[in-house]
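In: Dropping the sequence and predicted coords here.
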Amino acid sequence: MTGVLVIGAGPAGLMAAGELARAGHRVIVAEAKPSVGRKFLMAGKSGLNLTKDEPLARFLAAYAGSTADLVRAAVQDFGPDQIADWARGLGQPVFTGSSGRVFPKAMKASPLLRAWLEELAGLGVEFRTRWRWQGFEGDGFAFDTPTGPVALAPDATVLALGGASWSRLGSDGAWARWLADKGVALAPFQPANAGLSVSWTDHMATHFGAPVKATRLIAGDQSVRGEFVISARGLEGSAIYAVSRAVREGAPLALDLVPDLSEPEVAQRLARPRGKATVAAHLRKALKLDPARLALLMEFGRPLPQGPALAALLKALPVRHAGLRPLDEAISTAGGVAAKALDDGQLRALPGVFVAGEMLDWEAPTGGYLLTGCLATGRSAGRAAADWLRQGDVSKG
């Protein structure tokens, strides 16, 4: 094959394909699923959070993992401002919400994806759907396709196959064994931005689906104020995802159910006479605890102490859980291709093969950081592959 191969048609792969096509290369994008951008479209079902409008230094600090420096460098070149401009350039105006999160005005991912694919088609990018990578064949890449096995030996390749979560959308981590066989250093996959597993007592069933607001989560040195949801399987939602890395690494999790009050203020309110009111009714009245927070207190705090000890419990309620939800249920994954396996995004063990997106060993919270990292590393890998090809042409000349 004369040209460049991109394996994976998510945000990172599409961004890499565009950069390579603009550099004058013939680009084939191979995608295992029947259509492209499936996880991108799923992310847009509740409003496509493209990025976040905040100081760049704070934004960059959100990235962790062995390849975090590589991701940060990519985001410095193509960060929140540039992503907003990119969406506008595709005819999709954006707006910034009260939290700083940036969304397309259409909110959904589909209009942006359609405009993006039209642009890529205009650049000559070719798509091969239902092409599932099966590993290496000699110096090439073997695929299972609707018309039978196919092997391609491109001039350069960008791998953008995602992590190991949401396998039904295409990210199953199957690629890891093929790269490991080639001597590529990998960090083990772990769930990131994942919910917590909790074995509830029967009384919690009436609260499944209830949002929990006005709460602060404390996990080790991390303190996050936000919202989450009580589900039949445990606790889900953005605030839980934000502390999932600390919990995964062993930090105990506690809830401050009254974050707007100090512990002495809570104790003072609880000391008011309650007359014939039940403890639950007194807590509701004195502290304005809604049913969801009260249920969590009863679930994790029984038997409830009295006096100042109850105030302390309300400010730091220990959460009993069985760890993060399974890997395939996580929004994203930590682990993947380790920094020591790379040289400017290129695999040391496989010259001419570049890696982008969630295949890299990095993680970030939801809220625009994840998608920004995928778009930025895809763009960076496409540019690095184009530079490598250009240098090869110069050396031949």
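Out: Perfect, I can see it now.
In: mind listing what's buried in stretch 330-346?
Out: The neighbour-count criterion (16 or more other C-beta atoms under 10 Å) identifies 330-339, 341-342, 345-346 as the buried residues of stretch 330-346. C-beta coordinates here come from the backbone N, C-alpha and C atoms, glycine included.
In: Return the alpha-carbon coordinates of the helix or strand bottoming out on mean pLDDT in the chain using PDB.
Out: Across the helices and strands of the chain, the lowest-confidence element by mean pLDDT, DSSP states H and E is helix 38-43, at a mean of 89. Written as PDB, here are the backbone C-alpha positions of helix 38-43 (Å, rounded to 0.1, in the frame of the first residue of the first chain):
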ATOM      1  CA  ARG A  38     -19.500   5.500  17.800                       C
ATOM      2  CA  LYS A  39     -18.100   6.400  21.200                       C
ATOM      3  CA  PHE A  40     -18.000  10.100  20.100                       C
ATOM      4  CA  LEU A  41     -21.700   9.900  19.300                       C
ATOM      5  CA  MET A  42     -22.500   8.200  22.600                       C
ATOM      6  CA  ALA A  43     -20.700  10.900  24.400                       C
END
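In: Give me the contact list for the helix or strand following it.
Out: Next helix or strand after helix 38-43 toward the C-terminus (DSSP states H and E): strand 51-52. Applying C-beta atoms under 8 Å, 6 or more residues apart in numbering, the external contacts of strand 51-52 come out as 59, 79-80, 83-84, 99-102, 367-369, 371-372.
In: quick revisit: what helices and strands are in contact with the least confident helix or strand of the chain?
Out: helix 110-122 (3 or more C-beta pairs under 8 Å, 6 or more residues apart in numbering; DSSP states H and E).
In: Quick one: mean pLDDT for the helix it packs on?
Out: Rounded to a whole number, the mean pLDDT of helix 110-122 is 97.
In: Residue 364: how many residues sit nearby?
Out: Residue crowding around residue 364 was assessed by other C-beta atoms under 10 Å; the count is 27.
In: Also the one 3 residues further on?
Out: Residue 367 sits with 22 neighbouring residues when counted by other C-beta under 10 Å.
In: Please report how far residue 241 lies from residue 229.
Out: To residue 229, residue 241 is 11 Å away according to C-beta to C-beta, to the nearest Å.
In: How about the contacts made by the residue nearest to residue 48 when sequence neighbours are not counted?
Out: Using C-beta to C-beta, 6 or more residues apart in numbering and skipping the chain neighbours, the partner closest in space to residue 48 is residue 109 (4.5 Å). Residues in contact with residue 109, defined by C-beta under 8 Å, 6+ apart, are 37, 40, 41, 43, 44, 45, 48.
In: Which pLDDT does the model give the closest residue to residue 362 other than its chain neighbours?
Out: The shortest distance from residue 362 to any residue that is not its chain neighbour, by C-beta to C-beta, 6+ apart, is 3.7 Å, and that residue is residue 65. At residue 65 the predicted local confidence, pLDDT, stands at 97.
In: my read is residue 72 is in a helix, agree?
Out: Yes - when classified by DSSP: H, G, I helix; E, B strand; the rest coil, residue 72 is found to be part of a helix.
In: for the stretch 51-200 of the chain, what spans make up the strands?
Out: Secondary structure of the stretch 51-200 of the chain by DSSP state E, counting those that start in this stretch: the strands cover 51-52, 94-96, 101-104, 126-129, 132-137, 140-145, 148-152, 156-159, 186-192, 196-197.
In: Next: the stretch 201-350 of the chain.
Out: For the stretch 201-350 of the chain, the strands defined by DSSP E, counting those that start in this stretch occupy 211-219, 222-231, 234-236, 253-256, 317-318, 332-337, 342-343, 346-347.
In: Tabulate those strands in JSON lines, adding columns for distance to residue 26 and mean pLDDT.
Out: Shown next, in JSON lines, are the strands of the stretch 201-350 of the chain (distance: least, C-beta to C-beta, whole Å; pLDDT from 0 to 100):
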{"stretch": "strand 211-219", "distance to residue 26": "49", "mean pLDDT": "96"}
{"stretch": "strand 222-231", "distance to residue 26": "46", "mean pLDDT": "96"}
{"stretch": "strand 234-236", "distance to residue 26": "44", "mean pLDDT": "97"}
{"stretch": "strand 253-256", "distance to residue 26": "51", "mean pLDDT": "98"}
{"stretch": "strand 317-318", "distance to residue 26": "58", "mean pLDDT": "98"}
{"stretch": "strand 332-337", "distance to residue 26": "26", "mean pLDDT": "96"}
{"stretch": "strand 342-343", "distance to residue 26": "25", "mean pLDDT": "97"}
{"stretch": "strand 346-347", "distance to residue 26": "20", "mean pLDDT": "98"}
